[in-house]
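Visitor: Generate coordinates for the sequence data below:
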Amino acid sequence: MPGYLAIVAGKDEFLVDRDARAFYDKARAEAGPEADAEIVSGVILRVGDAAPLEASFVETVNTRSMFGGRRVLWLRNFNWVSDSVQARSDEVKESLGRLLKAVVEAGADVSIVISATPYDGRRKDLSALKTVAHEFVLHSPPAKSPFSGDDAQAELQVGLATKHLQSLGVKFDRAVPEAIVARVGQSTRLVLMECDKLASYAGPGGALQEADVLRLVPTFGDGDFFEPIEALAARDLPWALESLDRYFFNESSARPLLSALQNRLRLLIQIRCLVDAGDFRVDRKSTRLNSSHEWISRMPSSA
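Guide: Numbering: from 1, shown residues only. I've put the predicted structure just below:
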């Protein structure tokens, strides 16, 4: 067994690399200033890249230091356990098995860090080493739907965005970090980059609104058909027209847009019925219903 084994896997390259680097720095500090430290790229672009990389890594693991000191290895950006044609090939799987066997059989004077991204959660190759690894971190995959309440990664990203905006010295509404995460999908790197951009836009001591995020942060990944609905709910015609231009620049079908609008109207009708019955109160201080208040107040009581 190696003296220290840390495995970090996940789909978010930024989070995986951040945690793996922390483990690598920890291993280097524990190994002392005389230790040999090396970062090995684990990226394969073709099936034929696996065998040479395996042979090189195994040789590196088994090579002893000339002066008898400890050794620290970081197998970085290991994409052999992703959902790709290369990773699914039998040749790569065989090389992976031999490589992981060499990791487990490494000497006690060797510390190994493996960062695997992108990571296919259905693969069990790395999970089999969980019981022998000193550190094993598997970042949560994205939630199955944007409305589910079990998206741990999104919650983590909202927290990172909040802290980063605070460190940049800007004021912002509570909905701003969530809006940024919703815009850029599951990329933590993009979340922090967009925070930097918005802070530059606001300026030192400036303030950010949710509308600023929707106007300035482009949609990454799947198209966003919620922005036009929010613009219409806010009774902001210029914003609504701009959001429609952005939507149809990437999308050709209006069906998702009409469906979202219908759902919003159905929700407003239900809220209006509760308000008329005295079971629900809506005011302009409500964070999540503020944009819909104008519509509710103007809807007829017979709705």
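
Visitor: Centre of the chain to the helix or strand harbouring residue 102, how far?
Guide: Following DSSP states H and E, one finds residue 102 within helix 90-104. Averaging C-alpha positions (CA atoms, centre = their mean, to the nearest Å) puts helix 90-104 28 Å from its chain's average.

Visitor: Same question for stretch 172-185.
Guide: On CA atoms, centre = their mean, the centre of stretch 172-185 falls 13 Å from the chain's centre.

Visitor: Flag every buried residue along that stretch.
Guide: The neighbour-count check on stretch 172-185 (16 or more other CB atoms under 10 Å) flags 172-173, 175-185 as buried. C-betas here are computed from N, CA, C, even on glycine.

Visitor: picking up where we left off before, can you spell out which helices and strands pack onto the helix holding residue 102?
Guide: The contact analysis (3 or more CB pairs under 8 Å, 6 or more residues apart in numbering; DSSP states H and E) places helix 90-104 against helix 50-62.

Visitor: between the helix it packs on and helix 90-104, how big is the angle?
Guide: If you take axes from the mean of the first three to the mean of the last three CA atoms, to 10 degrees, helix 50-62 sits at 0 degrees to helix 90-104.

Visitor: For helix 50-62, list the C-alpha coordinates in CSV.
Guide: Only the C-alpha atoms of helix 50-62 are listed here, as CSV (Å, rounded to 0.1, in the frame of the first residue of the first chain):
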residue,chain,number,x,y,z
ALA,A,50,-3.6,4.3,-22.7
ALA,A,51,-0.9,1.6,-22.9
PRO,A,52,2.1,4.0,-23.1
LEU,A,53,0.7,6.2,-20.3
GLU,A,54,0.1,3.1,-18.1
ALA,A,55,3.6,1.8,-18.7
SER,A,56,5.1,5.2,-17.9
PHE,A,57,3.1,5.7,-14.7
VAL,A,58,3.7,2.2,-13.4
GLU,A,59,7.4,2.6,-14.0
THR,A,60,7.3,6.0,-12.2
VAL,A,61,5.5,4.4,-9.2
ASN,A,62,8.0,1.6,-8.9
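
Visitor: what's the following helix or strand after that helix?
Guide: Per DSSP H and E, the first helix or strand lying C-terminal to helix 50-62 is strand 71-78.

Visitor: quick one: buried residues of the longest helix seen in the chain?
Guide: Counting by DSSP state H, the longest helix found in the chain is helix 255-276. By 16+ other CB under 10 Å, the buried positions in helix 255-276 come out as 257, 260, 261, 264, 268, 271, 272, 275.
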